[in-house]
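**Q** Provide a 3D model corresponding to the input given below.
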Amino acid sequence: MEHEIAKAGPERVPAGPEQVSADPERVSARSEQVSVRSEQVSAGPGRAGDEGTGRGRAGWLLVAGIVLLTLNLRPALVAVSPLTPLIGGGGTGGLSSSAISLLTSLPLLCFGLLAPVSPRVGRRLGIERSLVVAMALVIAGTAVRAIPDTVALFAGTVVIGAGIAIGNVLLPSLIKRDFPQRVGPMMGMFSMTLFGGAAVAAGLTVPLQHASGLGWRAMLACWGAPAVLAAVVWLPQLRSRSRLSAQGVRDAAHPVRGLWRQPLAWHVTAFMGLQSLTYYAATAWIPTLLQSSGTSQGTAGWMLSFSSLLGIAGSFLAPVVAERQMPAGAVAVLSSVLCAGGIAGILAAPAAVPYLWMVLLGLGQGGAISLALLFIVQRAPDTRHVAQLSSMAQSFGYVLAAFGPLALGALHDATGHWTLPLVVLLALLVPQACFGVAAGRNRHVRADDTTTAVPSR
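**A** Sure thing, here's the model as predicted:
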């Protein structure tokens, strides 16, 4: 038993009889070490004293905390899109199309530029405390945006983006650590909750603004309230800090090296970036596009919400199908084809059968984002690699995605119509599908600049 436990930890404990009799004090120390490791093995890979698979009361509280944290990673940003007519001219802001494009792109730039910092924050504070900091930033940012000043509007958006960037990177690491045997279902739930939060914000922002009579600034500030609830529910996790062995502490103090030289890591990064570009560009401008074709503001916002609701289904189904029914690369191609069908329909006849276009687009986008997050977790062998691969993929991916809303807005301003912007989106789906196939290979990235095959299940 002692020999088996030694294998599970990074420092092996020799079990030979000669060494046992050689130094009684070392035997006592190693016995104590083996006892601690036995407790860690029985408690699961992530937490001492909690079930690694999330069973029991503490496990359900952990899952509830993850759901609420994830639920707050999109609404404060997505809520801007349905209110762009008011922000642009109907309200007191009077921002230009270029300024609105920058407003919707700023969070993505924050995601990308701050993603490399997030693993360092996690190593210094621990994942649990870092996620509380993330929610605190979201709350503070939504409060700052309520100040009637254009600078405050952009500054608050940057603060929100910083908080969400921490959550984007560290939540997948938490799932890999605490649910190693349920990565697929948990990442499906993570993706579903992402889309659920976006759907709620897209669908309820305008009706709530009309019903309450609030201005658009106050309405945006209201989306800080769910972050307060998430922080409160997550607080008990601060008492469940993970216990690492001495080798684990040394490993956590240093980032993973060599990922930037691995093609597989770049395939994951490119797929993350391209699917994010398509999603955020469409999210930013579809309500405006539909309104330009004669759809009312409320209906246009509902269409975006409806697409997000279908995205929930797509984000749940994609990991399940990729693990049990089809190769992950094939699912990535299918998600790109569905997105292409939705965008082509909007291009050809936006007001003809908009529900069909939103069904195709929602399913495709949901499947793509779910696969992108799943690839990050599946292509990493452990929690440290997840954090670093997530940092790399989101850093480059979201910086690339930030140009989506800006580019579509600029192309629309230059041409006066939406044909060229939508054609560009369609063209980008081709490399997205190709990188999805490459990222779907059953391999692991490694810190020593090698890529290893994963045994078939």
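**Q** Would you state the helices of the stretch 51-200 of the chain in chain order?
**A** Using DSSP state H, counting those that start in this stretch, the helices of the stretch 51-200 of the chain run over residues 56-71, 75-78, 84-85, 97-114, 117-125, 127-145, 150-178, 183-212.
**Q** So for the second one, mean pLDDT?
**A** Helix 75-78 carries an average pLDDT of 88.
**Q** Just the C-alpha atoms of it, please, in CSV.
**A** Only the C-alpha atoms of helix 75-78 are listed here, as CSV (Å, rounded to 0.1, in the frame of the first residue of the first chain):
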residue,chain,number,x,y,z
PRO,A,75,-24.2,39.3,-18.8
ALA,A,76,-22.4,42.6,-17.9
LEU,A,77,-21.0,42.6,-21.4
VAL,A,78,-23.8,41.2,-23.5
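**Q** give me the low-pLDDT residue ranges for the stretch 151-300 of the chain?
**A** Residue ranges of the stretch 151-300 of the chain with pLDDT under 70: 240-257.
**Q** Now do the helices in the stretch 301-450 of the chain.
**A** Counting by DSSP H, counting those that start in this stretch, the helices of the stretch 301-450 of the chain are 328-348, 354-378, 383-415, 419-439.
**Q** Check the ones you listed for me and report the most buried one.
**A** With neighbours defined as mean count of other C-beta atoms under 10 Å, the helices of the stretch 301-450 of the chain peak in mean count at helix 354-378, which reaches a mean of 26. Glycine gets a C-beta too; all of them are placed from N, C-alpha and C.
**Q** Which neighbouring elements make contact with that helix?
**A** In terms of contacts (3 or more C-beta pairs under 8 Å, 6 or more residues apart in numbering; DSSP states H and E), helix 354-378 is packed against helix 150-178, helix 183-212, helix 263-292, helix 297-324, helix 328-348, helix 383-415, helix 419-439.
**Q** circling back: which of the helices of the stretch 301-450 of the chain sits closest to A284?
**A** Of all those, it is helix 383-415 that lies closest to A284, at 3.9 Å by C-beta to C-beta.
**Q** and the closest one, what's its mean pLDDT?
**A** On average, helix 383-415 scores 84.
**Q** I'd like to know which elements that helix is packed against.
**A** helix 97-114, helix 117-125, helix 150-178, helix 263-292, helix 354-378, helix 419-439, strand 443-445.
**Q** Rebuild these as CSV, extending it with distance to Q237.
**A** Below are these laid out as CSV (distance: least, C-beta to C-beta, whole Å):
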stretch, distance to Q237
helix 97-114, 22
helix 117-125, 13
helix 150-178, 9
helix 263-292, 27
helix 354-378, 20
helix 419-439, 31
strand 443-445, 28
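**Q** Of those, which is nearest L317?
**A** Here helix 354-378 is closest among these (C-beta to C-beta), at 6.9 Å.
**Q** what angle sits between that closest one and helix 383-415?
**A** On the basis of axes from the mean of the first three to the mean of the last three C-alpha atoms, to 10 degrees, helix 354-378 is oriented at 150 degrees to helix 383-415.
**Q** Hmm, G94 is touching L86, no?
**A** No: applying C-beta atoms under 8 Å as the test, G94 and L86 come out as separate, 9.9 Å apart.
**Q** ok so, going back, could you dump the helices of the stretch 301-450 of the chain into TSV with distance to L125 added?
**A** Below are the helices of the stretch 301-450 of the chain laid out as TSV (distance: least, C-beta to C-beta, whole Å):
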stretch	distance to L125
helix 328-348	33
helix 354-378	21
helix 383-415	13
helix 419-439	30
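**Q** Identify whichever of the ones you listed lies nearest to R120.
**A** So among the helices of the stretch 301-450 of the chain, helix 383-415 is nearest, using C-beta to C-beta, at 9.1 Å.
**Q** chain center to that closest one: distance?
**A** 12 Å (C-alpha atoms, centre = their mean, to the nearest Å).
**Q** Same check on stretch 351-363?
**A** 24 Å.
**Q** and the gap between the closest residue in space to H210 that isn't next to it in sequence and P85?
**A** Excluding the flanking residues, the one nearest H210 by C-beta to C-beta, 6 or more residues apart in numbering is G298, at 7.7 Å. According to C-beta to C-beta, to the nearest Å, G298 and P85 sit 11 Å apart.
**Q** quick one on the thing from earlier: take the helices and strands packed on helix 354-378 and lay them out in CSV including distance to M219.
**A** CSV is the format used below for those (distance: least, C-beta to C-beta, whole Å):
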stretch, distance to M219
helix 150-178, 13
helix 183-212, 4
helix 263-292, 15
helix 297-324, 12
helix 328-348, 27
helix 383-415, 20
helix 419-439, 27
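**Q** Can you check which of these gets nearest to V359?
**A** helix 297-324 (5.4 Å).
**Q** And that closest one, what's buried?
**A** 297, 300-319, 321-323 (16 or more other C-beta atoms under 10 Å).
**Q** Could you list every helix and strand in contact with that helix?
**A** helix 183-212, helix 263-292, helix 328-348, helix 354-378.
**Q** Compare these and report which one is nearest to R443.
**A** Among those, the nearest to R443 by C-beta to C-beta is helix 263-292 (5.5 Å).
**Q** how far is that closest one from where the chain is centred?
**A** 13 Å.
**Q** And for the residue nearest to the spatial centre of the chain, nearest residue in space, chain neighbours not counted?
**A** Nearest residue to the geometric centre of the chain (C-alpha atoms, centre = their mean): N168, 4.2 Å. Spatially, and ignoring its direct neighbours in sequence, N168 is nearest to Q394 (5.6 Å; C-beta to C-beta, 6+ apart).
**Q** In this structure the one you found contacts A115, no?
**A** Yes: at 4.1 Å, Q394 counts as touching A115 under the criterion of C-beta under 8 Å.
**Q** Mutual contacts of these two, please.
**A** 165, 168-169 (C-beta atoms under 8 Å, 6 or more residues apart in numbering).
**Q** do you know how far S315 is from L371?
**A** Applying C-beta to C-beta to S315 and L371 gives a distance of 9 Å.
**Q** oh, I was asking about Q325
**A** 14 Å.
**Q** same question, F396
**A** From F396 across to L371, the span is 17 Å (C-beta to C-beta).
**Q** go on, F306?
**A** 22 Å.
**Q** Once you drop chain neighbours, what's closest to Q262?
**A** V445 (5.2 Å).
**Q** Test my guess that the one you found contacts L259.
**A** Yes: counting by C-beta under 8 Å, V445 touches L259, with 6.0 Å between them.
**Q** Find the residues that touch each one of these two.
**A** In contact with both V445 and L259: 265, 385, 389, using C-beta under 8 Å, 6+ apart.
**Q** From what I see, the last one and H267 are in contact.
**A** No: under the criterion of C-beta under 8 Å, L389 makes no contact with H267, lying 11.1 Å away.
**Q** Comparing G94 and L86, which residue is more hemmed in?
**A** L86 (19 against 12; other C-beta atoms under 10 Å).
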